[in-house]
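Peer 1: just coords:
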């Protein structure tokens, strides 16, 4: 029962990772009963006949019930409610919405929006382009730069199987390349802590001979770096922030310093500029600015004054395109599917790692409102606000349905051993009716291994128990859970 679910009119418990299949089941009912926008589908969409055949053959309500655990009658009801709503809208994602998820889930959800013609309409999905706002000067490429740009990325992104993906850090532990990494610069990230199967990722990082961290905090990655060049903290620095997700217009934000730097730190942008200028030649010429602030002022052009005065800039002239001009696909239409996408894997959940016999439960991570769970850990005073259903003493708690706990001989507050194919830890049990039987939920943001006495040793890092699951279409890690088992400690 997430925060969003708790505020909803109706919450429907679904097997983790089967959201795409549920969307397909809803579409089956809508197509079968003619409850869709035939004008949009016929005039402004392509690939519908093949999509319809797939939906009607493989995603009947009964089949989807077996996949998702949602009763067929409920699927029928949801389809009719969605199709009959004045402003039907389907959205996808999990947690804070900043983690990748499978392409098939995205396709299924937006196919639902297309069926009701709710794209580029008020209350619907709006195709907002990323702000193209930085006017970089042309740089002269020397031989080293030309050779570097010609080489394939070590993670395989942008070529081969994944031509549309810009970065695949999750593939680094298994990457095969004609060359090895010789240096790694880490900024605004803590991969030692945040990457799935963290221990395997750490072993790969340890092979890199030169690692630099720009972290403002002594996090796990900084502890293992060869050099730490600490960035100003967020209250001490300029930072441009392009925003698109959830906004109806292209928007750029600008974080501005409100206090002078307290320690001997430097903005990462200034470090890069100084290093480039020390190297001389064409590299120095590509970084002609005196400072990062001067770089922002010049490259942001006429937007700088507005950004610096107001803190944000909005493209007020942006208008959502009419359906005839809205889609940049080869056909110029919304495409339910096309020749470049292999739909044969289907829209069922990607199987979590582990066999059901050895690991009968499913472990999923969840976001706790009072736990920072990305690159930066909780500040000391915030640790005191964490509920005792999340952290009690040094024990992290996992949410378990009372029915599941009873079958395992566990009760509220019991100490248990949680094991997955990737690792194990000791936890305490919190009985919670807001989670499905057979599922265990563990909060993200605990289990830091730094020398910070306020956060170190508090609970366990769920990422050390998780393994990556690679999306066949994008190559991104889209793991939503992993097989697990709970036993009395």
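Peer 2: Perfect, thanks for sending it. Please read all numbers here as calculations on a predicted model, not as lab measurements.
Peer 1: Next, the contact list for the spatially most central residue of the chain, please.
Peer 2: Most central in the chain under CA atoms, centre = their mean is residue 99, positioned 0.9 Å from the mean C-alpha point. For residue 99, the contacting residues are residue 93, by CB atoms under 8 Å, 6 or more residues apart in numbering. (Each C-beta comes from the backbone N, C-alpha and C, glycine too.)
Peer 1: got it, and residue 312?
Peer 2: Counted by CB under 8 Å, 6+ apart, residue 312 has contacts 251, 252, 253, 254.
Peer 1: likewise residue 336?
Peer 2: Here residue 336 is in contact with 45, 46, 47, 48, 50, 51, 107, 111, 114 (CB under 8 Å, 6+ apart).
Peer 1: shaky segments in the stretch 301-450 of the chain?
Peer 2: 338-346 (pLDDT under 70).
Peer 1: now the stretch 1-150 of the chain
Peer 2: Using pLDDT under 70, the flagged stretches of the stretch 1-150 of the chain are 97-98.
Peer 1: need the strands for it, in chain order.
Peer 2: Assigned by DSSP state E, counting those that start in this stretch, the strands in the stretch 1-150 of the chain fall at 45-46.
Peer 1: Check the secondary structure at residue 417 for me.
Peer 2: strand (DSSP: H, G, I helix; E, B strand; the rest coil).
Peer 1: Counting neighbours, what do you get for it?
Peer 2: Close neighbours of residue 417, defined as other CB atoms under 10 Å, add up to 13.
Peer 1: likewise residue 207?
Peer 2: Using other CB under 10 Å, residue 207 is surrounded by 8 other residues.
Peer 1: With residue 219 instead?
Peer 2: Residue 219: 27 neighbours (other CB under 10 Å).
Peer 1: Spatially nearest residue to it, not counting backbone neighbours?
Peer 2: residue 190 (4.5 Å; CB to CB, 6 or more residues apart in numbering).
Peer 1: ok, now how distant is the one you found from residue 374?
Peer 2: Applying CB to CB, to the nearest Å, the value for residue 190 to residue 374 is 7 Å.
Peer 1: neighbour count winner among these two?
Peer 2: residue 190 (21 against 15).
Peer 1: isn't that one right up against residue 221?
Peer 2: Yes - under the criterion of CB atoms under 8 Å, residue 190 makes contact with residue 221 at 4.9 Å.
Peer 1: Give me the domain ranges for this protein.
Peer 2: 3-127+320-335, 170-314, 361-488 (automatic domain parsing).
Peer 1: Can you show me the helices along the stretch 351-489 of the chain?
Peer 2: 380-383, 402-407 (DSSP state H, counting those that start in this stretch).
Peer 1: And the stretch 201-350 of the chain, by the same measure?
Peer 2: Per DSSP H, counting those that start in this stretch, the stretch 201-350 of the chain carries helices over the ranges 220-223, 268-279, 281-285, 292-299, 304-310.
Peer 1: and of the ones you listed, who's closest to residue 241?
Peer 2: Closest approach to residue 241 among the helices of the stretch 201-350 of the chain (CB to CB): helix 304-310, 9.9 Å.
Peer 1: Name the residues that touch the closest one?
Peer 2: Against helix 304-310 from outside (CB under 8 Å, 6+ apart): 240, 252, 253, 254, 256, 296, 297, 300, 313.
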